[in-house]
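Colleague: based on what follows, work out the 3D shape:
(2 chains)
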Amino acid sequence: MSAGLQPHAGSAARLWRNTDARRLFGCVVGALVVAVITGPSGSASSPTSGVTGSLFRPRVLVFVALGLALWAVMTFRRRFGEVIRRTNDRVVTAPRQLLANRWNRYVVYLAVFAFAIWYPTILSGYWQEVLVDQVGVFVLLALGLNVVVGYAGLLDLGYIAFYAIGAYSAAYWTGALPIHPPMHLNPFWAIPFAVLAAMLAGVVLGAPTLRLRGDYLAIVTLGFGEIIQIVATNLTGVTGGSQGVIGIPHFSFHAGALKYVWHVKALPYYYLLLVFVVIALAAFRSLERSRIGRCWAAIREDEVAAEASGINVLKYKVMAFSIGASTSGFAGILTASKIGFIEPGDFTVQLSILILVLVVFGGMGSLLGAAMGAAVLQWLPQFLRVHPLFGFQPQDLFIYLGALLVVMMIFRPAGIVPSRRRRSEIGLAEHGVGTADAMSAAGGPVA
Amino acid sequence: MCFTQNFWNLFISGIANGLVYALIALGYTLVYGVLQLINFAHSEVFMSGGFGGYFILNALIGSSQPSGLASVGFVILGIVGGAVAGGVVAFLLERVAYRPLRRRNAPRLAFLISAIGASYFMYNLAGKEFGRDAVSIPSPFTNGTVFTVFGAQVQTYYIVIAVATLIMLVLLDRVVAGTRLGKGIRAVAQDAQTASLMGVNIDRVISQTFVLGGLLGGAAGFLFGLNAGVVYTMGFTPSLKAFTAAVLGGIGNIRGAVLGGLVLGVAENLGVACTQSSWRDVIAFGILVLVLLIRPTGILGERLGRSA
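Modeller: So this is what the prediction gives:
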């Protein structure tokens, strides 16, 4: 039936069947695509100028050389895979065995924590800002989305909507919105209200849609993310409209004689965030190992079997969804109070996708992965932006991030720092055992 | 009611919007039929169709004012340009973002993530290569009122959309009902495994289904761009609505996609008359959530595999 099985296929077809040749082709095409992405921009009146300016310049040779090098490395790895794997095992096993001891692990955690406390103090003010606004908040956001995407295997594309709900709730309870609350609160006391609001929104949106197939959830959340922005822009009397909201107070702490106010400086916020990130890490860690976490794993691995074993699948999906939502809402308060100003344009659907990229890159279902993915991917563009060698344009960021999602799904679906359980699930699913996600409709194959 | 005095005007422009939604929705429904997956990158197929049509007409028409038979020719050329661009993009999309995962039997979550990545890659790349400002397609015809129905003005643009869409729908119906490819699509939609045992080349059918959906989506991109202009972000909202239309009619069901598109287009217009135009997208989204709550199988029901 297929042309590939005919014995007298042409020489081009024969070449195409050669894996090495096909990979070579893939590497060169990939290199040319990268050359175009990193090259100059075009315009509607001269749509090909970007491509020609990228490909018909000497710089293209650099990219082709890189592509060839990649191909060489891939071929080398395939030929000498056994040797590499053995060396790799030897390099990886020693630290892993060391970390198997609980006390050793605590020492490492403590060292990392000490580094996290000390390191920002030697950074310049600019990088401290980056550390809070771009890295810290996003680590927290990624940890929350990791519960939804990683633990429960659901796809939430409107995650930032809950961040917006948290931020606007904080603005409401601190009295910055045009409508006034029954009493004005310090941002610290607004936290429970804002988190509750985000969580409620998660339940209200999740409960009906989580009954359906998983891709419906994805598209409903995508729409919801867009709608929240439209609502925030148009309900001027409530949200301040497209002008945004100013004057959200900073965090402050009064207890008897003890009084402390977080001002505009980044470092105090960094330490506040650090505390929250550590709390989130510990909480999600124990959640993962609790009965709830095991239920999520069961749902991911085989939804029908989980349902048959008496797990209320819908309940646990809604739980994961709303835990993610409340984490996002929580991050929203922190940002609102740190910057003191929010506007609908801060809460784009793009931002939801960005956080998805952070989680997917780091490793779905892996706390360390999500945190590392967020830290690396949020820091890297800032670095490339100021570094003269790369000429990276920030408005091109999503070209790279989109490509990264595809590449990760093709070559390393479990992420850079994979969760061991998640990786084996994906491997099993690829051999036809289980699903490794929660994409079917809760309560059986309802349409 | 708020829309009674203007009902027929709203109805007719709603039908025109609805036909465009229907064309996009068909892409979702066809791919859903064979893969049981929502193609999240379909919005960018639509967008590339807009650019395809724009480049062709911009090169051919320039600043002249075509009329008569020349207008018809330019409309056809624009549609073909949009459709070809959409088809090529859909083909590449399937090759790069779907096929490697399908080979590996990856989890469905992986497909969705990969498609979203492809979507962001494509539209931002289009923004980089073609500029980020909206451009308008040089009009191949002079827009005006052709005739009136119940006091409502029917514009040339609406007639172009109606005629072009109806022709494409009839062609699609013929392809799905009467060709070897259509038989393959229906077989894969019913039961991919059995179809492959019967000698259907699943890879080829899936690839051709993407292209078929891409041709329609690309043509829709051009028709939409004629009125609204072309910009790299143009795919998002119409596609979300087209998806709503596909679910409304019953996803996987070709007639359902068309019906859903028309219902959504009209409902949205009537809803806007009662509120403000800035709430247009909220209304469409509200309809989506309502449909999913009340009747997730859609008006005509899902008819996977019996899609003709």
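Colleague: which bits of the stretch 101-250 of chain B sit near chain A?
Modeller: Residues of the stretch 101-250 of chain B found near chain A, taking CB under 8 Å from any CB of the partner chain as the criterion, are B:101, B:104-114, B:116-122, B:124-125, B:127-133, B:135, B:199, B:201, B:203-204, B:230, B:236-237, B:240, B:243, B:247. All C-beta atoms are positioned from the backbone trio N, CA, C, and that covers glycine.
Colleague: buried set for stretch A:43-52?
Modeller: Burial within stretch A:43-52, assessed by neighbour count using 16 or more other CB atoms under 10 Å in any protein chain shown, is assigned to A:44, A:47, A:50-51.
Colleague: again with stretch B:176-191
Modeller: Neighbour-count burial for stretch B:176-191 flags B:176, B:181-189 (criterion: 16+ other CB under 10 Å).
Colleague: of those residues, which is the nearest to chain A?
Modeller: The shortest distance between chain A and any of the buried residues of stretch B:176-191, using CB to the nearest CB, involves B:Gly184 and amounts to 11.0 Å.
Colleague: and A:Ile277, how many neighbours?
Modeller: Small correction: residue A:277 is Val, not Ile. One way to gauge burial is a neighbour count; for A:Val277, by other CB atoms under 10 Å in any protein chain shown, it gives 18.
Colleague: circling back to that earlier point, just the residues of the stretch 101-250 of chain B next to chain A: which are in helices?
Modeller: Restricting those to those inside helices, with DSSP state H as the criterion, leaves B:101, B:104, B:108-114, B:116-122, B:124-125, B:127-130, B:203-204, B:236-237, B:240, B:243, B:247.
Colleague: list only buried entries from the residues you listed.
Modeller: Among those, the ones that count as buried by 16+ other CB under 10 Å are B:101, B:104, B:108-114, B:116-122, B:124-125, B:127-130, B:236, B:240, B:243, B:247.
Colleague: so where do the helices sit in chain B?
Modeller: In chain B, the helices defined using DSSP H lie at B:7-35, B:42-60, B:69-93, B:99-104, B:108-130, B:156-178, B:180-190, B:192-197, B:202-228, B:236-249, B:254-274, B:280-294.
Colleague: also the stretch 251-400 of chain A?
Modeller: Using DSSP state H, counting those that start in this stretch, the helices assigned to the stretch 251-400 of chain A run over residues A:266-289, A:291-301, A:303-308, A:313-339, A:349-362, A:367-386, A:397-411.
Colleague: among the ones you listed, which is nearest A:Cys27?
Modeller: Between A:Cys27 and the helices of the stretch 251-400 of chain A, the tightest spacing by CB to CB is seen for helix A:397-411, at 12.6 Å.
Colleague: buried stuff in the next helix or strand along the chain from the closest one?
Modeller: Toward the C-terminus, helix A:397-411 is succeeded by helix A:420-430 as the next helix or strand (DSSP states H and E). Along helix A:420-430, these residues count as buried under the neighbour rule (16+ other CB under 10 Å): A:422-423, A:425-426, A:429-430.
Colleague: what sits up against helix A:420-430?
Modeller: Residues outside helix A:420-430 that contact it (CB atoms under 8 Å, 6 or more residues apart in numbering or on different chains) are A:150, A:297, A:300-301, A:363-366, A:413-414, A:434-436, B:104-107, B:110.
Colleague: which residues does A:Val51 contact?
Modeller: Remark: with contacts taken as CB under 8 Å, 6+ apart, A:Val51 is in contact with A:36, A:39, A:42, B:129.
Colleague: what parts of the stretch 251-400 of chain A come near chain B?
Modeller: Looking at chain B, the residues of the stretch 251-400 of chain A close enough under CB under 8 Å from any CB are A:349-350, A:353, A:356-357, A:360, A:395-399.
Colleague: ok, the stretch 101-250 of chain A next?
Modeller: A:149, A:153, A:155, A:157, A:208-209, A:212, A:214-216, A:218-220, A:222-224, A:226-227, A:230-231, A:233-234.
Colleague: pretty sure A:Trp296 contacts A:Ile323?
Modeller: No. Between A:Trp296 and A:Ile323 there is no contact under CB atoms under 8 Å: 10.4 Å.
Colleague: neighbour count: those two, which is higher?
Modeller: Set side by side, A:Trp296 and A:Ile323 show unequal neighbour counts under other CB under 10 Å, the larger going to A:Trp296 at 27 against 21.
Colleague: just the pLDDT for that one.
Modeller: pLDDT for A:Trp296: 93.
Colleague: tell me the contacts of it?
Modeller: A:151-153, A:316, A:320.
Colleague: for chain B, which spans come out with low pLDDT?
Modeller: Filtered on pLDDT under 70, chain B yields the residue ranges B:1, B:303-308.
Colleague: residue at max distance from the center of it?
Modeller: Of all residues in chain B, B:Leu197 has its C-alpha farthest from the mean position, at 32.2 Å, by CA atoms, centre = their mean.
Colleague: how much space separates that residue from chain A?
Modeller: Using CB to the nearest CB, to the nearest Å, B:Leu197 is found at 11 Å from chain A.
Colleague: any chance you could read off phi and psi for the nearest residue to B:Gly298 once chain neighbours are set aside?
Modeller: With CB to CB, 6 or more residues apart in numbering or on different chains as the criterion, B:Gly298 has its nearest non-adjacent residue at 3.0 Å, and that residue is B:Gly250. The phi and psi torsions at B:Gly250 (degrees, to the nearest 10) take the values phi 110, psi 110.
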